[in-house]
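Colleague: Here's my sequence, what's the structure:
(one chain, ligands or ions: 1)
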Amino acid sequence: MTLRSVILGTGSALPRRRVDNAELATMVDTSDEWIVERTGIRTRYVAGEGESTTTLAAEASRHALEMAGLQAAGIDLIILATATPDQTFPASATTVQAALGINDCIAFDVAAVCSGFLYAMTVADNMLRGGAGKTALVIGAETFSRILDWEDRTTCVLFGDGAGAAVLRAEETPAEGGRGILASKLHADGRHNGLLHVDGGPSSTGTVGKVRMKGQDVFRHAVVNLAQVMKEVLDVAGLSTSDIDWVVPHQANARILDATARKLGLDPAQVVVTVDRHANTSAASVPLALDTAVRDGRIKQGDLVVLEAMGGGFTWGACVLRY
Ligand code: ACO
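Modeller: From the prediction side, this is the model:
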């Protein structure tokens, strides 16, 4: 038997307001046709009054706890991945902790932008297996709408708001064929900071800043890095692409998803796609897509699932697990 972090439940949350491409075309010089052809995005959700990264994170967490059949009080560790915290400090994880009525547990945020959920899962997995606790709540939550330049058509059409969460528990599982996280691999290369960044921050400009991106450069790096890191993580787990049941990728662009699947020789039907509905929700995109495929019955207990993401930094990573 081997101690592994097993996903017991998933949950997600979206803001009330859905914005389609036609509505965006009334705000900037764009069209439904351009957005669908270049990105596959048709709609995204945008947070309104009373909605924030932590309200969405808390709602997603409640759904995940409900599926896991656990009370919030049973959580030992909360890790929230976000690039859009409610405040510079305290960590948004502590706001979610209070909203869930948990009085004492470990709670902190991680910042790895779109790879944030992969980073958070890996940290949680290592802490659980290291004995820091038995049960963790891992969340990816974002309100990118609040850091978009709504006059820049090259970025504002690409992103959306939302949250996803997973409850992990350390369990002894059979070494062969057992459930849980089998391997994770993370990377970062800060030389590419300037290709995708926010042009503000508390210690630089004293302002929040807006998202800036050199889309074509990001695209090129994404396809190469994602295919590579998926091969790497499968190697670590002693598996090959033919063992994969489902890939749950970061939802940045349908063309990146297609190109990555092709590079790995995967059937496009094995790739969970939600970018058409949610757009790019940064750290929330992987857990939102995971929850979608778990709840619609595609991902079942025992399936081999690969999660992957790439984001600003650049940061990127992948994780292979038996659901
Ligand atoms: N509507 C209409 N026209 C537009 C829009 C828009 N929303 N945005 C740009 N254009 C125009 C450009 O101005 C350009 O016009 P020009 O030829 O007259 O100069 C033309 O469309 C082509 O622009 P490109 O940037 O070359 O378009 P491209 O095919 O590269 O698509 C896109 C742009 C969708 C951003 C693509 O590069 C991409 O998806 N890149 C990856 C971005 C990404 O995934 N980022 C996130 C990953 S990491 C993370 O998630 C944080």
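
Colleague: which residue ranges form the helices in the stretch 101-250 of the chain?
Modeller: Secondary structure of the stretch 101-250 of the chain (DSSP state H, counting those that start in this stretch): helices at 116-130, 153-156, 215-237.

Colleague: With mean neighbour count added, can I get the ones you listed in JSON lines?
Modeller: Just so you know, the C-beta spots here come from the backbone N, C-alpha and C atoms, and that holds for glycine as well. Output for the helices of the stretch 101-250 of the chain, formatted as JSON lines (neighbours: other CB atoms under 10 Å):
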{"stretch": "helix 116-130", "mean neighbour count": "24"}
{"stretch": "helix 153-156", "mean neighbour count": "18"}
{"stretch": "helix 215-237", "mean neighbour count": "18"}
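
Colleague: Now mean pLDDT and distance to L307 too, for the ones you listed, in TSV please.
Modeller: Formatted as TSV, the entries for those read as follows, by pLDDT from 0 to 100; distance: least, CB to CB, whole Å:
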stretch	mean pLDDT	distance to L307
helix 116-130	98	6
helix 153-156	98	25
helix 215-237	94	9
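
Colleague: nearest to L257, of the ones you listed?
Modeller: Closest to L257 of those is helix 215-237 (CB to CB; 9.2 Å).

Colleague: quick one: the closest one near the ligand?
Modeller: Yes: contact between helix 215-237 and the ligand is present through 215-216, 218-219, 222 (criterion: CB under 6 Å from any ligand atom).

Colleague: contact partners of that helix?
Modeller: With contacts defined as CB atoms under 8 Å, 6 or more residues apart in numbering, helix 215-237 is touched by 154, 182-185, 187, 192, 195-196, 240-241, 243-244, 247, 249, 252-253, 255-256, 259-260, 263-264, 306, 308-310, 314, 316-320.

Colleague: which of the residues you listed come close to the ligand?
Modeller: Of the residues in the contacts of helix 215-237, proximity to the ligand by CB under 6 Å from any ligand atom holds for 154, 196, 252-253, 256, 310.
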